[in-house]
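Novice: fold the following for me, if possible:
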Amino acid sequence: MTRREEIIEILSREEKSAQQLANDFKVEMLEILEDLKHIKYSIKPKKLLQRPAQCKKCGFKFKERNKIRKPSKCPRCKSEWIMAPLFRIE
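Specialist: Below is the predicted model of the structure:
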């Protein structure tokens, strides 16, 4: 089973961030981000759903952000204390 197939299986069961997946597979996060981009288009009719990143300081949610990466700082309070987006497959 390939890493992408394993990621699909994991995200079908539970919600995880890209960093958690990178830690699970012991690879760089950039590799997981590339895998997620590919998975997004290869799992149709299922969908890769993303719970938006959120500022831990002021609670701002990055709802309109389509990027898979975690934002670097909050546009409202300028904090860098950001909760990464979480992914799941439905």
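
Novice: ok, and the closest non-adjacent residue to R51?
Specialist: Of all residues not flanking R51 in the chain, L86 sits nearest, at 4.3 Å (Cβ to Cβ, 6 or more residues apart in numbering). Bear in mind the C-beta positions are built from the backbone N, C-alpha and C, glycine included.

Novice: roughly how far does that neighbour sit from K78?
Specialist: Going from L86 to K78 by Cβ to Cβ, to the nearest Å gives 23 Å.

Novice: so between those two, which is more surrounded?
Specialist: The neighbour comparison of L86 against K78 (other Cβ atoms under 10 Å) goes to L86, with 18 against 10.

Novice: ok, the more buried one touching E15?
Specialist: Yes. Using Cβ atoms under 8 Å, L86 is in contact with E15, at 4.6 Å.

Novice: pLDDT value on E64, please?
Specialist: At E64, the pLDDT value in this model is 87.

Novice: tally up the residues packed near it, please.
Specialist: For E64, using other Cβ under 10 Å, the count is 6.
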